[in-house]
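*Asks:* Next comes the sequence, and after it the predicted model I'd like to discuss.
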Amino acid sequence: DFPESSHFLHEAHNETTNGICRNVIHDMDAYGVCVVDNFLGDGQGKAVLSEVLDMSTKGVFKDGQLVSSNGRQDLKTIRGDQITWIDGREQHCTQIGKLISRVDAIIMRANKMYNNGKLGDYNINGRTKAMVACYPGSGSHYVKHVDNPNRDGRCITAIYYLNLHWDIKCSGGLLRIFPEGWTDKVADIEPLFDRLLFFWSDRRNPHEVQPAFHTRYAITLWYFDAREREDACRRYEKDRSSLKKK
Ligand SMILES: O=C(O)CCC(=O)Nc1cc2ccccc2cn1
Ligand SMILES: [Mn+2]
């Protein structure tokens, strides 16, 4: 349920990238979560936002998996986001494509800078397409969950937020991460414009999106660890072939 991307690893060497990477490595090591503010700068951030708003007006957003509960409550009991998958090379998605390349460059560089080329003991060699998500402001939320509970290959979640003038007090939509091991602590992340967030995708970081009362946009990329992804695909093939035999 998360399409892989075919192009990756755009290298962009510059001072900003290096500075951000040191930040990412330190925070991922220390907390398993890292926030980078003003990632693209106002101009480019707004250019990405306008591409997403154009998509929204064209109605490309479909409901996330609709889990019908016991039929009585509303259908969106699990998650109220509407999503679409973007490769970044589509027409009218050039700005989103640039964002993706910039995040790739950070991850690739951090992957190299870390001790002998592994970030947090991972060897990152690919990622999913970009998932553009819209939470319509009608109290839509996402219940507490782990992105990758069963070693499907995804090791880092990267989320870029697009919400101008977002005020948690009246708009809600807080991302709350419950880092494993920090029993009495939570990481409350406001989905602010031009904010980039990284966190380990596995059970170390259960998280929830609290009800949002204004439209809330985010773009998510999941990065693969080469080995874990390979093992997951092999297991998947094995399961498929055993299913066929029956
Ligand atoms: O928008 C945020 O602050 C985070 C939202 C979030 O956790 N989204 C999300 C979306 C997902 C879509 C498909 C499969 C797994 C998924 C896990 N998480
Ligand atoms: Mn999630």
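*Replies:* Structure's in. What do you need? Predicted model only: the values in this text are computed from it and were never measured. Ligands and ions are numbered 1, 2, ... in the order given.

*Asks:* Show the pLDDT at E208.
*Replies:* pLDDT for E208: 97.

*Asks:* Tell me what the residue of the chain found nearest ligand 1 is bridged to.
*Replies:* Going by Cβ to the nearest ligand atom, ligand 1 is nearest to L175 of the chain, at 3.6 Å. C-beta: built from backbone N, CA, C; applies to glycine. L175 has the following beta-bridge partners by DSSP bridges: I189, V209.

*Asks:* For it, give its distance to T220.
*Replies:* Using Cβ to Cβ, to the nearest Å, we find L175 at a distance of 11 Å from T220.

*Asks:* can you list residues touching both of these two?
*Replies:* I159 (Cβ atoms under 8 Å, 6 or more residues apart in numbering).

*Asks:* shouldn't the residue of the chain closest to ligand 1 be in contact with I189?
*Replies:* Yes: L175 lies in contact with I189 (Cβ atoms under 8 Å); the separation is 4.3 Å.

*Asks:* what do those two both touch?
*Replies:* Counting by Cβ under 8 Å, 6+ apart, the shared contacts of L175 and I189 are L197.

*Asks:* residues in contact with the residue most central in space within the chain?
*Replies:* A centroid search over the chain (Cα atoms, centre = their mean) returns T220, at 2.8 Å, as the residue closest to the centre. Residues near T220 by Cβ under 8 Å, 6+ apart: 130-131, 133, 157-160.

*Asks:* So what pairs up with it in the strands?
*Replies:* Taking DSSP bridges as the rule, T220 bridges to M131, I159.

*Asks:* What separation do you get for it and E230?
*Replies:* Here the criterion is Cβ to Cβ. By it, T220 lies 23 Å from E230.

*Asks:* swap in H26?
*Replies:* Taking Cβ to Cβ, one finds H26 at 29 Å from E230.

*Asks:* Give me the buried positions along whichever strand or helix holds T84.
*Replies:* Using DSSP states H and E, T84 sits in strand 82-86. Neighbour-count burial for strand 82-86 flags 82-84, 86 (criterion: 16 or more other Cβ atoms under 10 Å).

*Asks:* ok, which stretches of this protein are strands?
*Replies:* 33-36, 62-63, 82-86, 124-127, 130-135, 140-145, 154-161, 175-177, 187-189, 195-200, 207-212, 216-225 (DSSP state E).

*Asks:* so how far is the first one off the chain centroid?
*Replies:* When C-alpha coordinates are averaged (Cα atoms, centre = their mean, to the nearest Å), strand 33-36 and its chain have centres 12 Å apart.

*Asks:* Any residue of that strand touching ligand 1?
*Replies:* No: applying Cβ under 6 Å from any ligand atom, one finds strand 33-36 out of contact with ligand 1, separated by at least 11.8 Å.

*Asks:* List of residues touching that strand?
*Replies:* For strand 33-36, the surrounding residues in contact (Cβ under 8 Å, 6+ apart) are 20, 23-24, 27-28, 106, 177, 179, 187, 189, 195-199, 205.

*Asks:* so where is the protein shaky, pLDDT-wise?
*Replies:* Within the chain, the stretches with pLDDT under 70 are 6-13, 62-78, 115-119, 246.

*Asks:* Tell me the residues of it that contact ligand 1?
*Replies:* For the chain, the residues in contact with ligand 1 (Cβ under 6 Å from any ligand atom) are 1, 133, 142, 147, 159, 175, 191, 207, 209, 218.

*Asks:* And for the fifth one, the neighbour number?
*Replies:* By the criterion of other Cβ atoms under 10 Å, I159 has 21 neighbours.

*Asks:* measure it to L99 for me?
*Replies:* The value you get for I159 to L99, if Cβ to Cβ is used, is 12 Å.
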